[in-house]
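*Asks:* Dropping the sequence and predicted coords here.
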2 protein chains.
Amino acid sequence: MFSIGELSKRTKVKVPTIRYYEEMGLLPEAERTAGNQRRYDKAGLERLSFIRHARDLGFSIEAVSSLIELQDHPDRSCEAATDIAASQLADVRAKIKRLRTLEKELSRISKGCDGEGVSEDCYVLASLADHNLCDGEHQKA
Amino acid sequence: MFSIGELSKRTKVKVPTIRYYEEMGLLPEAERTAGNQRRYDKAGLERLSFIRHARDLGFSIEAVSSLIELQDHPDRSCEAATDIAASQLADVRAKIKRLRTLEKELSRISKGCDGEGVSEDCYVLASLADHNLCDGEHQKA
DNA sequence: TCTTGAACCTCTAGTTACTAGAGATTGTAT
DNA sequence: ATACAATCTCTAGTAACTAGAGGTTCAAGA
């Protein structure tokens, strides 16, 4: 059994974040010492590693919650898990796509001004002011 | 002079968001009718277009604020503007890089399970549980 | 001119996933 | 026994909005 600080060190998840996960229900309520401090064992470590891994891959807390639920029921169909992963993948791909559009446009705009002149002549500012100066395919929607 | 609803329609920025921008100082306080409703003119429209354009490119409110400040002073050096743009570009590129790593890993994991089995045998869940099953280069840091 | 209903007003609270800090208590090493 | 790092709970803050309550104003038709 080890303390929350020790768990934090081993998983590289910050102490307040661990408490937060507990509050959110990702981690079960930890056992406590007589003095009310949390104590963890191997199971706690493994679960937190799972969470951290999933979070690192960009899964939302809610998604992680569902994934844990599934992991806790080895006999259930894992369709939901693959769905969640697929949806996360689609999400990531959509974000990449959008960011690439932004990158193109930002890069083009950036190149238009070397920063040595005054605002009035700045291509960066002019581009922002006038949508006609850009490729115009970077709307949010 | 036109209403906030009209401004919203023309810029595709939602009404509450316009009010929010005013509160944040991105938009100057609008003129009001006798009955306290906001009225805008061409200048307001142009400024909001500028904001929307910058936000679409991913600039933070704070960055937009600085950009506006510069635009309001045509005689100042525009170095800050190009710096902001360059930093935003770097940011976008960093995000793309990270997302590409995630995409690779998620895609690999996703392919490992077709969702027809049970949790116990699910490669998605197993990968999350055991970091050794993945390429391991997708930490946050 | 009167009425009605859409549009407007302000204010508060909620969203995501934490982070920071205050003030009090506990664990552990000397 | 004592000191001090680590822990505890609780509140508030972050970014950039969004949603909703409860009340007022504007504009168009009768």
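*Replies:* Yep, that arrived.
*Asks:* Up against DNA strand C, what does chain A have?
*Replies:* Where chain A comes near DNA strand C, counting by Cβ under 7 Å from any atom of the strand, the residues are A:3, A:14, A:16-17, A:20, A:33-37, A:55, A:60-62. (Glycine included, C-beta is placed from N, CA and C.)
*Asks:* Name the nearest residue to the residue nearest to the spatial centre of chain A, ignoring sequence neighbours.
*Replies:* Residue closest to the mean C-alpha point of chain A, counted by Cα atoms, centre = their mean, is A:Gly58 at 3.8 Å. Excluding the flanking residues, the one nearest A:Gly58 by Cβ to Cβ, 6 or more residues apart in numbering or on different chains is B:Leu102, at 5.5 Å.
*Asks:* what's the answer for A:Ile84, then?
*Replies:* Leaving aside its chain neighbours, A:Ile84 sits nearest to A:Ala63 (5.1 Å; criterion: Cβ to Cβ, 6+ apart).
*Asks:* could you measure the residue in chain A positioned nearest to DNA strand C against DNA strand D, distance?
*Replies:* For chain A, the residue positioned closest to DNA strand C under Cβ to the nearest atom of the strand is A:Gly35, at a distance of 2.2 Å. For A:Gly35, the distance to DNA strand D equals 8 Å [Cβ to the nearest atom of the strand, to the nearest Å].
*Asks:* ok, and the closest non-adjacent residue to the residue of chain A found nearest DNA strand D?
*Replies:* Taking Cβ to the nearest atom of the strand, DNA strand D has its nearest neighbour within chain A at A:Gly5, 2.3 Å off. Leaving aside its sequence neighbours, A:Gly5 sits nearest to A:Val15 (Cβ to Cβ, 6+ apart; 6.2 Å).
*Asks:* burial measure for that neighbour, as a count.
*Replies:* 14 (other Cβ atoms under 10 Å in any protein chain shown).
*Asks:* Over to A:Thr82?
*Replies:* Here the number of neighbours of A:Thr82 (other Cβ under 10 Å) works out to 24.
*Asks:* Next: A:Arg19.
*Replies:* For A:Arg19, using other Cβ under 10 Å, the count is 14.
*Asks:* ranges for the helices of chain A?
*Replies:* Taking DSSP state H as the test, the helices found in chain A are A:4-11, A:15-24, A:42-56, A:61-71, A:79-111, A:123-129.
*Asks:* nearest to B:Lys95, of these?
*Replies:* Nearest to B:Lys95 among these is helix A:79-111; the distance by Cβ to Cβ comes to 5.6 Å.
*Asks:* buried ones in that closest one?
*Replies:* Residues A:79-82, A:84-85, A:88-89, A:91-93, A:95-96, A:99, A:101-103, A:105-106, A:109-110 are the ones in helix A:79-111 that count as buried (16 or more other Cβ atoms under 10 Å in any protein chain shown).
*Asks:* Please apply the same query to stretch A:47-65.
*Replies:* In stretch A:47-65, counting by 16+ other Cβ under 10 Å, buried: A:47-59, A:63-65.
*Asks:* what domains does the record give for chain A?
*Replies:* Structural domains annotated on chain A: A:1-76, A:94-141, as defined by automatic domain parsing.
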